[in-house]
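# Here is the input, now give the coordinates:
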Amino acid sequence: MTLQEGQRVTLAADLRLAGTVVPAEGSPAGEDAVAASLSLASGVAGTVERVDAPREREQSHEVREYERLKALLDDFGHQMPPASRRQLEEQVASLEPAWAAHREHGPRVTVRVRLDNGFVLDEAHADLFTPA
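Sure thing, here's the model as predicted:
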């Protein structure tokens, strides 16, 4: 499903936003900062204001390690002693499920949605919303 600017959407799941809250005019590290949380119920409607270009998901430690070891194997594996090469191949094979899961999900699209209650969710994952 692809969201578009101006499209009406609803939250697909309950959300709980938690963190530090500062006044819009204050500095992020200011003395006015307080800890807070806010819950938004699924079904809350809003309008998509902006759709951001897809960007690559953050990589887990396992994915980064797979890329590093796979590059090492591809570039230097033919020069390695057989036992070292076999050990490296086993390490790469053990990390392949994490790599496959990462590639399966593909890039993530984020959106800016102005909810009907006045809240704005910026850089929210598009898969949190369904068309209204």
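# Could you list the low-pLDDT ranges of the chain?
1, 24-34, 55-57, 106 (pLDDT under 70).
# Quick one: the strands in it, in order.
8-11, 15-21, 34-40, 45-51, 110-115, 120-125, 129-131 (DSSP state E).
# Not counting its neighbours along the chain, what's nearest Leu15?
Spatially, and ignoring its direct neighbours in sequence, Leu15 is nearest to Leu40 (4.5 Å; C-beta to C-beta, 6 or more residues apart in numbering). The way it works is simple: take the backbone N, C-alpha and C, and place the C-beta from them, glycine included.
# so who does that neighbour touch?
The neighbours of Leu40, taking C-beta atoms under 8 Å, 6 or more residues apart in numbering as the test, are Leu11, Asp14, Leu15, Arg16, Leu17, Leu115, Phe119.
# Put the alpha carbons of the longest helix seen in the chain into CSV.
Secondary structure of the chain per DSSP state H: the longest helix is helix 82-105. Listed next in CSV are the C-alpha coordinates belonging to helix 82-105 (Å, rounded to 0.1, in the frame of the first residue of the first chain):
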residue,chain,number,x,y,z
PRO,A,82,41.0,-24.3,4.4
ALA,A,83,40.1,-24.4,8.1
SER,A,84,39.9,-20.6,8.4
ARG,A,85,37.8,-20.4,5.3
ARG,A,86,35.4,-23.1,6.6
GLN,A,87,35.1,-21.3,9.9
LEU,A,88,34.3,-18.0,8.1
GLU,A,89,31.8,-19.8,5.8
GLU,A,90,30.0,-21.2,9.0
GLN,A,91,29.9,-17.7,10.5
VAL,A,92,28.4,-16.2,7.4
ALA,A,93,25.9,-19.0,7.1
SER,A,94,24.8,-18.5,10.8
LEU,A,95,24.1,-14.8,10.0
GLU,A,96,22.2,-15.4,6.7
PRO,A,97,18.7,-15.5,8.4
ALA,A,98,19.2,-12.0,9.8
TRP,A,99,20.4,-10.8,6.5
ALA,A,100,17.5,-12.4,4.6
ALA,A,101,15.0,-10.9,7.0
HIS,A,102,16.6,-7.4,6.6
ARG,A,103,16.5,-7.6,2.8
GLU,A,104,12.9,-9.0,2.8
HIS,A,105,11.5,-5.9,4.5
